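Chemist: Below is the structure, and that's it, no one-letter string:
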């Protein structure tokens with residue numbers, strides 16, 4: 001007898017091709033109207049993609065590294081000074097200011113990928129700013145930008161996003177703030193390009209360059 005197939009993936013043949021993991025069902029019908037239903041769980045693994053960002057702690061030469069890899073099961077960091085780590089989001093203190101080549105290698109069952117960046121460890125000249133562990137990521141971003149920092153004293157803080165022409169395009173004012181700050185800013189309404197993300201207090205300004213890529 002002739003059979004027809006109707007799958008939840010949209011397939012109308014006896015075989016299906018899918019790109020995402022999940023449970024897929026199929027209904028098989030014959031020419032007499034009899035039907036049978038079955039399903040299968042599909043697990044799709046993708047190769048890992050390595051990526052990270054970082055931020056320097058205030059008044060120190062300690063760097064916080066932030067994992068932005070995709071599909072990673074394990075992590076291997078080298079910090080350019082013989083230091084290593086297998087943590088997804090490690091903290092590393094360098095022996096002295098300078099330029100260091102940092103490499104993140106990520107692995108899963110489909111393979112391995114490596115991302116390398118040059119990290120500038122600087123002497124922080126404005127400890128009185130009282131802003132610690134400042135980081136923005138992912139960078140480059142396609143719209144959503146995670147912002148983290150810690151205010152070590154109670155103070156007024158202005159958040160600014162400034163375009164390449166110096167125009168304020170996003171931001172907010174936070175009064176009497178202390179402690180850990182963690183917020184997502186949506187920049188998807190802005191044109192692709194370079195922006196400056198600034199934390200402004202009475203004591204000074206911290207600035208990070210952000211690339212918006214679309």
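Modeler: Great, that's in hand. On a predicted model such as this, the values are computed, not experimentally measured, just so you know.

Chemist: Where does pLDDT dip in this structure?
Modeler: 1, 5, 7-14, 18-21, 44, 58-59, 124-128 (pLDDT under 70).

Chemist: if we go to 80?
Modeler: Counting by pLDDT under 80, the chain contains low-confidence ranges at 1-22, 24-27, 30-33, 35, 40-45, 55-60, 123-129, 164-166, 203-205, 214.

Chemist: okay, now residue 68: neighbour count?
Modeler: In terms of burial, residue 68 registers 20 neighbours under the definition other Cβ atoms under 10 Å. To be clear about C-beta, it is placed using only N, CA and C from the backbone, and glycine gets the same treatment.

Chemist: Verify the stated contact: it with residue 48.
Modeler: No: using Cβ atoms under 8 Å, residue 68 is not in contact with residue 48, being 11.9 Å away.

Chemist: Need the overlap of contacts for the two.
Modeler: When contacts are counted by Cβ atoms under 8 Å, 6 or more residues apart in numbering, residue 68 and residue 48 have no shared neighbour.

Chemist: and stretch 199-214, which residues are buried?
Modeler: Neighbour-count burial for stretch 199-214, counted by 16 or more other Cβ atoms under 10 Å, picks out 199, 200, 201, 206, 208, 210, 212.

Chemist: Please identify which two of those are farthest apart in space.
Modeler: Checked with Cβ to Cβ, the buried residues of stretch 199-214 reach their widest spread between 201 and 212, with 24.9 Å between them.

Chemist: So which residues of this structure form helices?
Modeler: Listed from the start of the chain, the chain has no helices (DSSP state H) to report.

Chemist: Bridged to residue 209, which residues?
Modeler: residue 196 (DSSP bridges).

Chemist: could you list every residue that touches it?
Modeler: With contacts defined as Cβ under 8 Å, 6+ apart, the neighbours of residue 209 are 139, 194, 195, 196, 197.

Chemist: cool, and residue 22?
Modeler: Applying Cβ under 8 Å, 6+ apart, one finds that residue 22 lies in contact with 41, 42.

Chemist: where's it relative to residue 49, distance?
Modeler: When Cβ to Cβ, to the nearest Å is the yardstick, residue 22 and residue 49 sit 21 Å from each other.

Chemist: Residue 171 contacts residue 157, correct?
Modeler: No: checked against Cβ under 8 Å, the pair residue 171 and residue 157 is beyond contact range at 10.5 Å.

Chemist: between these two, which one's more packed in?
Modeler: Set side by side, residue 171 and residue 157 give different neighbour counts by other Cβ under 10 Å, the larger being at residue 157 (20 against 14).

Chemist: For the spatially closest residue to that one that is not a sequence neighbour, grab the count of nearby residues.
Modeler: Once flanking residues are discounted, residue 157 sits nearest to residue 174: 4.6 Å by Cβ to Cβ, 6 or more residues apart in numbering. If you count neighbours by other Cβ under 10 Å, residue 174 ends up with 14.

Chemist: Residue 174: what's it in contact with?
Modeler: Contacts of residue 174 were listed using Cβ under 8 Å, 6+ apart, and they are 156, 157, 158, 159, 181.

Chemist: if you look at those, which of them are in strands?
Modeler: When those are checked against strands (DSSP state E), the matches are 156, 157, 158, 159, 181.

Chemist: and those residues as CSV, adding distance to residue 16?
Modeler: Conversion of the ones in strands among the contacts of residue 174 to CSV gives the following (distance: Cβ to Cβ, whole Å):
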residue, distance to residue 16
156, 58
157, 53
158, 54
159, 48
181, 47
